[in-house]
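*Asks:* After the sequence you'll find the predicted model.
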Amino acid sequence: MFTQLRLSYVGLCGFMFMLIYTCTAPPPIAAIGPVPTPQQLAWQKMEYYAFIHFNMNTFTNKEWGYGDESPAQFNPTELDAHQWARIIKEAGMKGIIITAKHHDGFCLWPSAYTEHSVKNSPWRDGQGDLIRELAEACQAYGLKLGIYLSPWDRNHPDYGTPAYIDYFRNQLHELLTQYGPIFEVWFDGANGGDGYYGGAREERRVDKKSYYDWPTTHALVKELQPDAVIFSDAGPDIRWVGNEKGYAFENSWSTIFRDSVYAGMPDFDRFAKGQENGTHWIPTESDVSIRPGWYYHPDQDQQVKSLSHLVDIYYKSVGRNSALLLNIPVDTRGRIHENDEKQLMALADYLQKSFEINWVKDAKISASSSHPKHAPENLQQADPSAIWAASQTDTQPQLTLLFDQAVTANTLMIQEAIALGQRVKKFEVALLQEDQWQTIYTGETIGNKRLLRFDTQTLEGVRITFLAAKGPVVINELGLFNALELPTNE
């Protein structure tokens, strides 16, 4: 009897301890505002991937084909998708988006719904399927495959009528069911104008907002490829950055009022930087070509962007809460040109060496406040899920790095834990030199990643003050680097 009472007493004490602990344990960090879907989050962490413009325009030396080209003109003599994938993998990119059909309507796969495709070209004796070859190459090199399918078709006789929408969706169904997992579906905002249109040779305009019935098409993509994200000017998953220079806005929100934008709208640029209190999470993608043109032109072989230019693009896209979609115009052989490969490898080498040593690992790190479960030392761990979070009551939290021995640096990296929302509205960075703090930068947004460049200098500490935020600041990665000096004689 006594033993039973003692056990009951012990059990009651244990229950009371757990109850007290549960009541006093710190609450979990709640998400704020729109947050990314798992698919958007996986896409955002890719950061850098390739666009390949290769199609009929490659052989007509044009940017936009009229639609009256003969399939016989498409005939790459040395096409090697494995060469593309190898170079892109070595360049540090995570995937490839291919122009499966551009505005001229020529299809890189043997579509059952048109004769204007590789099945009527001399390439591979009409038995080729470039999308399949690329899918197999991506699988071999561990890259993700994306599909660009132009909504505009200057070849098809039904463009501008309801019948064309069925054709467009039939081709989308082929691409999303025959080639394995697709990570991104890319819809261009260029729609309507003059074209061949099956011999009509006329101008056809469409209401870009209503003609395509985008919600139905988006639903089809989600049904066939639930893990894919959809790009257009307005999303629904990723939006255009607003230019083709590869530069995101210095201050950029991943949130936007989705109902105020649509694909192809004429004044989209005024919405491109997003809105602080936007209703939907639709981050930006920054697209740019490594050459002046999107397609290959022989006279541009000596106009491949310099290393300094490419590095600047990287900092102003990936480093400004965006993703970098870098276009590589495959040449008439069906290969990535040697000049493009050289610059891609130069950029890869620069990024690898510049971000190899993170001085944050050697710092004494402290914060003005911390959530009990998320200390600042978490930012020195290799675990990407480890975070630092300020306390609920700290309205202007600070992170401070101090070094026993001064370090040389010129680049600061800050990443928010975007799975919990984009929060920071204003922050400043100060450097410690000879026991004096000097503010070197004041900015607004951070988001997935912010890369700040400053003059190379020796410093004893770094202090980041978060001056305004939507809620408790949550950071999941911090970096301090000494990036390589760039050549000045390019």
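*Replies:* The structure has been received and is ready for your questions. Numbering: from 1, shown residues only.
*Asks:* domain ranges for the chain?
*Replies:* The record's domain parsing of the chain by automatic domain parsing lists 38-354, 359-481.
*Asks:* could these go into TSV alongside mean pLDDT and mean neighbour count?
*Replies:* Every residue, glycine included, has its C-beta placed from N, CA and C. TSV is the format used below for the domains of the chain (pLDDT from 0 to 100; neighbours: other CB atoms under 10 Å):
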stretch	mean pLDDT	mean neighbour count
domain 38-354	96	19
domain 359-481	97	18
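*Asks:* where exactly do the helices run in the stretch 101-250 of the chain?
*Replies:* 130-141, 162-177, 214-224 (DSSP state H, counting those that start in this stretch).
*Asks:* Format the ones you listed as TSV; extra columns: distance to residue 283.
*Replies:* Below are these laid out as TSV (distance: least, CB to CB, whole Å):
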stretch	distance to residue 283
helix 130-141	23
helix 162-177	22
helix 214-224	17
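*Asks:* Of these, give the one that comes closest to residue 301.
*Replies:* Evaluated with CB to CB, these place helix 130-141 nearest to residue 301, the distance being 22.9 Å.
*Asks:* So which elements touch the closest one?
*Replies:* Counting contacts by 3 or more CB pairs under 8 Å, 6 or more residues apart in numbering; DSSP states H and E, helix 130-141 is packed against helix 81-90, strand 95-101, strand 144-149.
*Asks:* rerun that using 6 Å as the cut-off
*Replies:* Where contact means 3 or more CB pairs under 6 Å, 6 or more residues apart in numbering; DSSP states H and E, helix 130-141 is packed against helix 81-90.
*Asks:* tell me what the helix it packs on is packed against?
*Replies:* Going by 3+ CB pairs under 6 Å, 6+ apart, helix 81-90 lies up against helix 130-141.
*Asks:* Apply 10 Å and report the result again.
*Replies:* strand 48-53, strand 95-101, helix 130-141, strand 322-329, helix 338-354 (3 or more CB pairs under 10 Å, 6 or more residues apart in numbering; DSSP states H and E).
*Asks:* Please compute how far the first one lies from its chain's middle.
*Replies:* This means strand 48-53. Distance, stretch centre to chain centre, for strand 48-53: 11 Å (CA atoms, centre = their mean, to the nearest Å).
*Asks:* C-terminal to that strand, what's the next element?
*Replies:* helix 56-60 (DSSP states H and E).
*Asks:* ok, and what's touching that following helix?
*Replies:* The contact list for helix 56-60 (CB atoms under 10 Å, 6 or more residues apart in numbering) reads 62-67, 69-76, 99, 101-108, 116, 118, 121, 155, 293-297, 329-334.
*Asks:* Just the C-alphas of that helix, formatted as CSV.
*Replies:* Extracted C-alpha coordinates of helix 56-60, given in CSV (Å, rounded to 0.1, in the frame of the first residue of the first chain):
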residue,chain,number,x,y,z
MET,A,56,15.1,27.5,-84.8
ASN,A,57,16.4,31.1,-84.2
THR,A,58,19.9,29.6,-83.7
PHE,A,59,19.9,28.6,-87.4
THR,A,60,18.2,31.7,-88.8
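*Asks:* For that helix, what is the distance to the chain centroid?
*Replies:* On CA atoms, centre = their mean, the centre of helix 56-60 falls 28 Å from the chain's centre.
*Asks:* try stretch 28-43
*Replies:* The answer for stretch 28-43 is 15 Å, by CA atoms, centre = their mean.
*Asks:* Reformat the helices and strands packed on helix 81-90 into TSV and put distance to residue 229 next to each item.
*Replies:* Listed next are the helices and strands packed on helix 81-90 as TSV, based on distance: least, CB to CB, whole Å:
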stretch	distance to residue 229
strand 48-53	12
strand 95-101	11
helix 130-141	17
strand 322-329	10
helix 338-354	24
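*Asks:* Which one of those lies nearest to residue 448?
*Replies:* Between the helices and strands packed on helix 81-90, strand 322-329 lies closest to residue 448; by CB to CB that is 8.1 Å.
*Asks:* neighbouring strands for that closest one, and are they parallel or not?
*Replies:* strand 48-53 (parallel), strand 284-289 (parallel) (DSSP bridges).
*Asks:* Distance to residue 133 for those strands - can I get that in TSV?
*Replies:* Converted to TSV, these look like this (distance: least, CB to CB, whole Å):
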stretch	distance to residue 133
strand 48-53	12
strand 284-289	23
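*Asks:* Residue 196 is nearest to which of those strands?
*Replies:* strand 48-53 (20.3 Å).
*Asks:* and the angle from that closest one to strand 144-149?
*Replies:* 40 degrees (axes from the mean of the first three to the mean of the last three CA atoms, to 10 degrees).
*Asks:* in the stretch 251-400 of the chain, which spans are strands?
*Replies:* 255-256, 280-281, 284-289, 322-329, 364-367, 388-389, 398-416 (DSSP state E, counting those that start in this stretch).
*Asks:* hmm, back to that, looking at the helices and strands packed on helix 81-90, which is nearest to residue 362?
*Replies:* Taking the helices and strands packed on helix 81-90 one by one with CB to CB, helix 338-354 is closest: 17.2 Å.
*Asks:* one step back: out of the strands paired with strand 322-329, the one nearest residue 80 is which?
*Replies:* Closest among the strands paired with strand 322-329, using CB to CB: strand 48-53, at 12.6 Å.
*Asks:* Tell me which of the strands paired with strand 322-329 sits nearest to residue 112.
*Replies:* strand 48-53 (23.8 Å).
*Asks:* measure the one residue sitting closest to the centre of the chain to residue 413 for me?
*Replies:* By CA atoms, centre = their mean, the chain has its centre lying nearest to residue 323, at 2.7 Å. Distance of residue 323 to residue 413, given as CB to CB, to the nearest Å: 16 Å.
*Asks:* Ok, residue 178 next?
*Replies:* 40 Å.
*Asks:* same check, this time on residue 174
*Replies:* Residue 174 is 42 Å from residue 413, by CB to CB.
*Asks:* can you check residue 219 too?
*Replies:* Taken as CB to CB, the span from residue 219 to residue 413 is 38 Å.
*Asks:* what's the answer for residue 275, then?
*Replies:* For residue 275, the distance to residue 413 - CB to CB - is 25 Å.
*Asks:* what does residue 450 give?
*Replies:* 7 Å.
*Asks:* what residues do these two have in common as contacts?
*Replies:* With CB under 10 Å, 6+ apart as the test, residue 450 and residue 413 both reach residue 319.
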